[in-house]
Structures are given as C-alpha cells and as structure tokens.
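S.K.: need the 3D shape of this:
(one chain, ligands or ions: 1)
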Amino acid sequence: MSEMTLSVSTWKYGKDWVYSITYDEALSDLARFVIPTHQALGVPGHVEVVAGQIGEVRNCGASSYNGMKHMSAEELHGLVAMGWGVGSHSWTHGIVMDNPKLELLESKEAIAEAVGVPVTVYVAPGSNDNLTPEVQEKIREYGYLVGMGITDDINRPDPQDLLWVNRVPLHERYWGVFDGYYDAYKRIRQAQEERGWIVDYCHCPLEEAVHPYKDCTEGHHRQRLEAVVSEGGTRCWYANPDEVVDYRALRRSARLAPVEGKPGAFRLRLDTLPPQVRRQELTFDLKTYRTPETVAVKVDGAAVGVSPGAAGTLHFTASVRDDTQITISTLTPGGSL
Ligand SMILES: [Zn+2]
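M.R.: The predicted model follows:
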C-alpha cells in the first residue's frame, strides 16, 4: 500500500472552498424573495434568531427592522426541514454582557426548544462589541462551537479557534472612511485561492434595501448567489454553517494512523471531539495513481463509494466515530477482489 497515502480532506466532499450566508433577525419576509432564490439555486441558508422576538413583530432597540415580523417556530421548522441552520442572535439584541445568562445561554436553549435542533452558532447582535474576549469565554462556557461577528474577510481553513468567525457584509453601501458599493463577486477569488470559507451577512433583501448600509436589494442578493454558484461550480461546498462548524471540529480532532502489520489498514481517533458535534461525517483524500474502479474502501466493515478528485486524488466520505477502522484494498479491473 505504499503507493497510497490517506489523509482527512480540508473540506467535506473534497471541495476546494466553502460558501455560506446568514440572515440576521430571521424575518418572515425572507419568504418573499430570499428563500425562493435559495430554492432555485440549491444553496442552504442560516437565520439568526432573536430569542425574545420569535413569532412577534420586531420591537427591540432602534432598529430599521422594527415593525417587520420575526419568524415563528413553525416557519423556523420549515427552514430546518429544507437543510437551513439556526443561530442565536441573543435574547434582546442589546449588550450581551449586561445579562450573559439570558442573552447567551437562555436564548440558546429557547431557540433549540422552539426549533427542535441544538444551537451551536452565536451571532453577535449590533456590532463586534458583542464578541469581545469576555463574550467569547462565555459562549465557550455555554456550549457554543462558534461565534460570528461582522468582519469583512474570508475564514481560513485552519484558524486557532472558531470563536471569532468573519462575515462578509452584503450591502448596497459601506460606510465611514471606507465608503463603497455592492459587488456580487466580493472575496470569491480569494476564497478559491486560499481554500477559505465565505460567510455572507445581510438581513432581509426586498425590492429596495431596508437600509442601504445594512442590506442589499433582492436583485443584488440573487446576483450574489448566482455569482457564487457560477464561480463555485462543482468545486465549492454550499453549506449550512452548522455543518461547516461540525466538519471543522471533526477535522481538528481527527488523528489518523496506519495499523502496524496490516497493509492498507488505518485507525481514526476522535477522542477530543466536542460532544456538541452532531454530524460525524468525514471526507478522506486518498493519494494514488489508481482509478476509483481499482480501489475498494471499507469503513467499519461497510463498503464506501470512492469518487475521483483532482488528478492523483480519490475521495470518500463516511460516517465515523472514535476508533473507526478503515481498510483500503486494490481490485483488478474487470475482476473481483
Ligand atoms: Zn441584528
């Protein structure tokens, strides 16, 4: 088996880069333009729920979005059933360290109960002032796997941790000294080159942007997703951020080693995996000159399909656990094992 080397893929399915998009405030009007655009293109989204406003007409702080309806538990259930994810955007959209137990812990629990899935993503309300080191410490303590702010950058494949995830604003205008305008192709080339993860952020694109510095129009929103899909093709993983977070946690804790004296056998350890990680599917890179037809892979005794990647690389994706056993053997083309 010296002709083959096995490693864990950077991203699921052996993709080169990742695209996600998040919608702060989880407004019901996403059903008008945004959700149909997602359905037309086959890209999942992620909504950031204000726990104290579920099913209500929004009325917190001095927001441009007050007066619009926050999604109900039923609407959120519908999104989850389509493969979307849900995050906590606090309880009151105020200063979270004024009452971290309510804003961070109780919001997480209330949203999980309303929607029926665990919540592992926290999205800072207002500004990055709600993602200070103190907040990051609290969200770790309360069982989140990730904290997201608003920083216009991609996320690299190997960050120190996930408690500060950058999000790219998708707005009509950008304010302050860095005055600027919408661009459908923002950061895509960079994500391809650095094998990064783009997490877009906006609120609720409609015919006109609700606020040009906080949102884009539905036309620009559709153009953005079309640009991502046309540039991403089959090389991009279009992903619900909850799944990306789980995959990165899995990859980070995975230790893969050959089994001594058993050519083609490998053992995977996941003993440091955080218990909140629900999706335990991992993709592997198999470096070999062989074609998929001449390789057989078994993971914990079950045969797994192998697909071609870039020249010299095959991929397979399988459910794994701590102490998973992988065996790779070669086949004679047209023959049997
Ligand atoms: Zn917000």
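
S.K.: give me the residue from the stretch 151-300 of the chain nearest the ion.
M.R.: Going by CB to the ion, the ion is nearest to residue 203 of the stretch 151-300 of the chain, at 7.4 Å. Yep, even glycine has a C-beta here, placed from its N, CA and C like the rest.

S.K.: nearest spatial neighbour of that residue, skipping sequence neighbours?
M.R.: residue 215 (4.8 Å; CB to CB, 6 or more residues apart in numbering).

S.K.: so who does that neighbour touch?
M.R.: Going by CB atoms under 8 Å, 6 or more residues apart in numbering, residue 215 touches 171, 172, 202, 203, 204, 205, 209.

S.K.: that one: what secondary structure?
M.R.: coil (DSSP: H, G, I helix; E, B strand; the rest coil).

S.K.: mind listing what's buried along the helix or strand where residue 189 lies?
M.R.: Using DSSP states H and E, residue 189 falls within helix 188-194. The neighbour-count check on helix 188-194 (16 or more other CB atoms under 10 Å) flags 188, 191, 192 as buried.

S.K.: near the ion, which residues of the stretch 1-150 of the chain show up?
M.R.: Contact residues (CB under 5 Å from the ion) of the stretch 1-150 of the chain with the ion: 24, 125.

S.K.: next, whichever residue of the stretch 101-250 of the chain sits closest to the ion: phi, psi?
M.R.: Going by CB to the ion, the ion is nearest to residue 125 of the stretch 101-250 of the chain, at 4.5 Å. The phi/psi pair for residue 125 (degrees, to the nearest 10) reads phi -80, psi 150.

S.K.: distance-wise, check it relative to residue 52.
M.R.: 11 Å (CB to CB, to the nearest Å).

S.K.: strands of the stretch 51-200 of the chain, start to end?
M.R.: Assigned by DSSP state E, counting those that start in this stretch, the strands in the stretch 51-200 of the chain fall at 85-88, 121-123, 146-148, 168-169, 173-174, 180-181, 197-202.

S.K.: dump those strands into JSON lines; add mean pLDDT as well.
M.R.: Shown next, in JSON lines, are the strands of the stretch 51-200 of the chain (pLDDT from 0 to 100):
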{"stretch": "strand 85-88", "mean pLDDT": "98"}
{"stretch": "strand 121-123", "mean pLDDT": "98"}
{"stretch": "strand 146-148", "mean pLDDT": "97"}
{"stretch": "strand 168-169", "mean pLDDT": "96"}
{"stretch": "strand 173-174", "mean pLDDT": "95"}
{"stretch": "strand 180-181", "mean pLDDT": "96"}
{"stretch": "strand 197-202", "mean pLDDT": "98"}
